[in-house]
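*Asks:* here's my sequence, what's the structure:
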Amino acid sequence: MTNTKGKRRLVPLVTYMRIYKKGDIVDIKGMGTVQKGRPHKCYHGKTGRVYNVPQHAVGIVVNKQVKGKILAKRINVRIEHIKYSKSRDMKENDQKKKEAKEKGTWVQLKRQPAPPREAHFVRTNGKEPELLEPIPYEFMA
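*Replies:* You can find the predicted model right below:
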């Protein structure tokens, strides 16, 4: 769960563009390039729920095992060290697999792009279509 070789210095801008809201499920993944707001090593790889959204960080509720107990810990982590969790997608896929297995059918689990629009006629309302073509290149010295 670390950055691959050659990607160590850069923080992709999409990291800062993501919007986290209260109740989102996120995975904690400490990024080595940013030292500020990094979670403790015991939280690396854990999944939690967002409970607070300050300016540059996110408050997360995470389960932590302490001796024989599991405690709900509230930690603050900068947004560079978290990402959206795919656990909900996996849960839905498992449910679909289970239903398909009971019916004895096959189910498509891969996400598909939106198909192209259906074929249709375009009405011109009596106007002639206009032909658009590039202007020929002229060399001027």
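*Asks:* quick one: average pLDDT of the longest helix belonging to the chain?
*Replies:* As assigned by DSSP state H, the longest helix anywhere in the chain is helix 87-103. For helix 87-103, the mean pLDDT works out to 94.
*Asks:* and Ile79, backbone torsions?
*Replies:* Dihedral pair for Ile79: phi -70, psi -20, per degrees, to the nearest 10.
*Asks:* could you find the closest non-adjacent residue to it?
*Replies:* Closest residue to Ile79 apart from its sequence neighbours, by C-beta to C-beta, 6 or more residues apart in numbering: Val58 at 6.0 Å. (C-beta placed from N, C-alpha, C; glycine too.)
*Asks:* using the three-state scheme, assign the one you found.
*Replies:* Three-state assignment for Val58 (DSSP: H, G, I helix; E, B strand; the rest coil): strand.
*Asks:* give the buried residues for the longest helix of the chain.
*Replies:* For helix 87-103, a neighbour-count test (16 or more other C-beta atoms under 10 Å) marks nothing as buried.
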